[in-house]
Structure formats: C-alpha cells, structure tokens
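# when you get a sec, could you give me coordinates for this:
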Amino acid sequence: MSPNEALIQRFYTAFRQLDYKTMQDCYADDAVFSDPAFGTLNAAEVKAMWEMLCKQAKDFSLIFSDVKPLDEEYATCNWIATYTFSKTGRRVINNITAHIRIKNGRITEHTDNFDLWKWSKQALGLPGLLFGWTPMIQNKIRTTARKNLEKFMALNKT
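Have a look, this model is predicted:
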C-alpha cells in the first residue's frame, strides 16, 4: 500500500470511528475542501466541519472502498455514510465519491461529490422530493449548512 493510500485509509477509518482529531490531522494547514452541501471550505473550516459532523452524528455508520491512486498526488475513493438527519429524524444513505490531492503526507485538496437532490429527498422527505432539485432549495441547504458550521465554530473557539 502506498503512503497516499495509507493516509486515505487512516482518514476514513477515523471517520468510521467518529475520531475527528485524527481526521483533522490528515489535512495540511492550507487545505481546501468542497462538497455540494457546504461549498468550498478552508482548512480551519473543514477541520471544524468534521468535528461538528462527528459530534452530532446519530445512528452513524460508514463504509469506504475503491481507494485508487491516480498518480503521485491524486487519488479517489467511494464512501457511503448512513445516519439519521437530526433536523427531520429521517434516515439518509449518502453515496459519495471523494477526489483527494495529497502533498507531503497531508490532504491539500478534498472534493466530495454526491447528488444533493437525492440527499434532500432522503433528509427532507416530500419537500426534498418535490423541490430538492431546484436552485432555491439547494442554495437554502448550502446556506443552512454554512450557518450551522459558523455557529459551531463560534461556540467552539479555543
């Protein structure tokens, strides 16, 4: 196993165990993260996001597979998070493809791709089914996610 594969294994094994401190340690100080729910985050924000998600996780399980180095810096993997969405109490199974860039043994770029409409149908129920594909609802999801992260960061300053 290459060092990059080992780092990805370490990251997702820690995530499965809700060990946000190990997850945070996998990121470079100048890392950038992006996904359909939170948008683009800097290193401090992504580290806080993982802490928030781990601390708030309910009925959480995670599997990951297909860790594939593409070259010396880039790799992909697939992961599936299953959890109860706290706002609605609805069960979510989110299938995600991660694209990761690694330099000097740390993640410098991390992009998670998933279908936000599919997520909204599960998390929000009928409103997500009917309107989750619209830019208005998807922007509301992003705005809410960012506000929750900002609130968490403000309450957890060290």
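
# which residue is nearest the centroid of the chain?
Central residue of the chain (CA atoms, centre = their mean): D112, 6.4 Å from the mean position.

# chain neighbours aside, what residue packs nearest to it?
D35 (4.0 Å; CB to CB, 6 or more residues apart in numbering). Quick note: C-beta positions are derived from backbone N, CA and C, even for glycine.

# can you get me a residue count around that neighbour?
20 (other CB atoms under 10 Å).

# related to what we said a few turns ago, for the residue nearest to the centre of the chain, give its distance to K55.
With distances taken as CB to CB, to the nearest Å, D112 is found 19 Å from K55.

# do you know how far the residue nearest to E5 when sequence neighbours are not counted is from I102?
Distances taken as CB to CB, 6+ apart put V67 closest to E5, at 5.3 Å, once the chain neighbours are dropped. Distance from V67 to I102, counting by CB to CB: 12 Å.

# now for the two: what residues contact both?
A75 (CB atoms under 8 Å, 6 or more residues apart in numbering).

# helices of this structure, start to end?
3-16, 20-25, 43-56, 116-124, 126-131, 135-155 (DSSP state H).

# which parts of the lowest-mean-pLDDT helix or strand in the chain are buried?
Ranked by mean pLDDT, DSSP states H and E, the helix or strand of the chain with the weakest confidence is helix 126-131, at a mean of 81. Across helix 126-131, burial judged by 16 or more other CB atoms under 10 Å covers G128.

# now stretch 58-67
For stretch 58-67, burial by neighbour count (16+ other CB under 10 Å) applies to L62, F64, V67.

# so who does the last one touch?
Residues touching V67, when contacts are defined by CB under 8 Å, 6+ apart, comprise E5, I8, Q9, A75, T76, C77.

# next one, pLDDT for T158 please.
Listed pLDDT for T158 reads 49.

# any weak-confidence spans in the chain?
Applying pLDDT under 70 to the chain flags the ranges 158.

# hey, which strand is longest across it?
Counting by DSSP state E, the longest strand found in the chain is strand 90-103.

# quick one: the residue of the chain positioned farthest from its centre from L124, how far?
Relative to the centre of the chain, and counting by CA atoms, centre = their mean, the farthest-placed residue is L130 at 24.7 Å. According to CB to CB, L130 stands 9 Å off from L124.

# sorry, back to before: which strands and helices sit next to the longest strand of the chain?
Other elements packing on strand 90-103 under the criterion 3 or more CB pairs under 8 Å, 6 or more residues apart in numbering; DSSP states H and E are helix 3-16, strand 74-85, strand 106-113, helix 116-124.
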